[in-house]
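Participant: make a model of this:
(chains A and B)
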Amino acid sequence: MPLSSVDAAAKRGVSAVQQYSLLSARAVGNLFRRPLYGADIITQADLIGIGSLPIVILTGFFTGGVLALQSASTLAQFGAAAITGQLVSFSMIKELGPVLTSLMVSGRNASGMASELGSMMVTEQIDAMRALGTDPLKKLVMPRIVATVIMLFFLTIVSDAVGILGGAFVAVIMLGQDASQYFHTVYQSLQYADILQGLVKPIFFGFIISTIGCFYGMNTRGGTQGVGRSTTQAVVVSSVLIIAMDFVISRFMIGVFGR
Amino acid sequence: MADLAVQQDVPESQVHPDAPAVQFDDVSIGFEGKDVLDHLSFQVRRGETRILLGPAGVGKSVLLKLADGLFKPDSGKVFVFGYEISAMREEDLFRLRESIGIVFQEGALFDSLTVRDNVGYRLTEQHVPDDQIDKRVTEALRFVELEHTLTKLPSELSGGMRRRVAIARAIITKPDLILYDSPTGGLDPITSTTIIELVIKQRDVYGTSSIVVTHRLQDAFMLASHHFNKETEQMEPLPEGTTDSSTSFLVLHQGKMVFDGSTHDLVHSDDEFLKQYLA
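Facilitator: Below is the predicted model:
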């Protein structure tokens, strides 16, 4: 590859990061400026939160179930099958609940945001909005960020709870473990640091999903083909960033709380 | 913009009443390393209609977006109603844009909103009471003869109807400047004539300053050679050999302004490109 191409690619990368940072900062700054567009926040919360509920419940339930199924047999080799509930709750609350919920919401909503805003971009509706005196970052981006951050937080709690129930279903119904023992071990070893870790993550992940979805949507060029490209990029980039951010937050939390 | 919105009840367009509606001062802009507009200078006086001609892809739409502050020039200055919009922040531009209407190339109607909500969008954002919005939307739609489409979605309208709704959306706040981006592009001749009649009606009834981008010469010359008769409520041709004095031409070619003058001067120009373009 010629040096000039590397140079141009590096410039494009830096420019994209700069644009993403500006979009995110301006959208968050709009939270403190009038008008607030409360109705748009509620609409987006309904679309993102309530709309994602079925897939989050299904994902959470089966993830908890498969965790119990896989761990119970391994734990049984050490005579520790009784702590299946503990393993399921730790895994769901600290890692799998936030990460899997975010990945599902990313697949559904980062793509939705990128395609919706991208279509508006290529049909000049975003320009029309600006020409009619409305800031698209305030009207379109800010409500999506607020709604995603808030709803992902609650969706993660739902996913954690349903995952633990899924684990219970497998452990009690399929593996014949004692229900009381399962639920006792679920919360026995949990500490506030574990809960905190599980609840801090969706806030960051929600921000990543919404800002990446909106960023690719607002930077769509090249007609319907461009909309497709933006949609794919939004899902890929937000998914990778979620997993990378999960590592960073986990390392930070372990460093602070020691677990 | 220190003097912007000092007097809240004075429209921005009237703060500097002697300033031209639009003034481009040595404006250049390019995209991805390619120059699109190269050191352009021209102005649109109050009440004047400038028809912007040029081959496809020459930068006519870019020029209109510069005039609305949707793009910032790489160099040079753009003034609208005396405000240097090329140096204004986006937040300040929103208030100035209340005095500017724009009709986009394909209409750019919000596809998830009804015609009523599209036309009344600006009023809704300004928290105008619903009954007043309904009244003003109906008025604007009556101007474009589409008052029966209030509850329809843009996808239920024909191309020409969508363009007329876009005009209604642009004129609802009675702006002092309207920017038309190929309002007849892709339409059949009969619908094009209807749209041009609306542009002429807006020019002659309200005296609105405007820039009309087009690559259809027949539309451009119809604008220059017709006027709107307020008594008969119809567009009529001007007497043979006369043209509308408030309408003049700009021609863009390869990023440069190759003509800026009256209809007469354009038709009698000796410039080889213009002769070929008009032939």
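
Participant: ok now the one helix or strand A:Leu87 maps to, how far from the chain's centre?
Facilitator: Element membership for A:Leu87 (DSSP states H and E) is helix A:84-90. Using Cα atoms, centre = their mean, to the nearest Å, the mean C-alpha position of helix A:84-90 is found 22 Å from that of the whole chain.

Participant: alpha carbons of that helix, as PDB, please.
Facilitator: Presented in PDB, the C-alpha positions along helix A:84-90 are these (Å, rounded to 0.1, in the frame of the first residue of the first chain):
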ATOM      1  CA  THR A  84     -24.800 -24.000  40.700                       C
ATOM      2  CA  GLY A  85     -27.100 -21.100  41.700                       C
ATOM      3  CA  GLN A  86     -24.100 -19.000  42.800                       C
ATOM      4  CA  LEU A  87     -22.300 -19.600  39.500                       C
ATOM      5  CA  VAL A  88     -25.300 -18.700  37.500                       C
ATOM      6  CA  SER A  89     -26.000 -15.500  39.500                       C
ATOM      7  CA  PHE A  90     -22.400 -14.400  39.400                       C
END
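
Participant: mind listing residues that contact that helix?
Facilitator: Contact partners of helix A:84-90, identified using Cβ atoms under 8 Å, 6 or more residues apart in numbering or on different chains, comprise A:64, A:67-68, A:71-72, A:75, A:163-164, A:167-168, A:171, A:175, A:177, A:181-190, A:194. C-beta: built from backbone N, CA, C; applies to glycine.

Participant: select from those residues every entry located in helices.
Facilitator: A:64, A:67-68, A:71-72, A:75, A:163-164, A:167-168, A:181-188, A:194 (DSSP state H).

Participant: ChimeraX command to pick out the buried ones of those residues?
Facilitator: Selection of buried members from these for ChimeraX, criterion 16 or more other Cβ atoms under 10 Å in any protein chain shown:
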select /A:64,67,68,71,72,75,163,164,167,168,181,182,183,185,186,194
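
Participant: OK, contacts around whatever residue of the stretch 151-259 of chain A ends up closest to chain B?
Facilitator: Per Cβ to the nearest Cβ, A:Arg221 is where the stretch 151-259 of chain A lies closest to chain B, at 10.1 Å. Residues near A:Arg221 by Cβ under 8 Å, 6+ apart: A:121-122.

Participant: the same query, at a cut-off of 6 Å, please.
Facilitator: When contacts are counted by Cβ atoms under 6 Å, 6 or more residues apart in numbering or on different chains, A:Arg221 touches no other residue.

Participant: that one and B:Glu91, how far apart?
Facilitator: 25 Å (Cβ to Cβ, to the nearest Å).

Participant: the helix or strand that the helix holding A:Leu87 is followed by packs against which elements?
Facilitator: Using DSSP H and E, the helix or strand that follows helix A:84-90 in sequence is helix A:97-105. For helix A:97-105, the packing partners by 3 or more Cβ pairs under 6 Å, 6 or more residues apart in numbering or on different chains; DSSP states H and E come out as helix A:51-77, helix A:142-168, helix A:192-218, helix A:223-257.

Participant: which residue packs closest to the residue nearest the centre of chain A, ignoring adjacent ones?
Facilitator: Central residue of chain A (Cα atoms, centre = their mean): A:Ser102, 2.5 Å from the mean position. Residue nearest to A:Ser102 in three dimensions, not counting chain neighbours: A:Phe205, with 3.8 Å by Cβ to Cβ, 6 or more residues apart in numbering or on different chains.

Participant: for B:Leu252, which non-adjacent residue is spatially closest?
Facilitator: According to Cβ to Cβ, 6+ apart, the nearest residue to B:Leu252 is B:Gly54 (3.6 Å).

Participant: surely that neighbour meets B:Gln254?
Facilitator: No. Using Cβ atoms under 6 Å, B:Gly54 is not in contact with B:Gln254, being 9.2 Å away.

Participant: of the two, who's got more company?
Facilitator: Neighbour count, other Cβ atoms under 10 Å in any protein chain shown: between B:Gly54 and B:Gln254, B:Gly54 has more, with 22 against 12.
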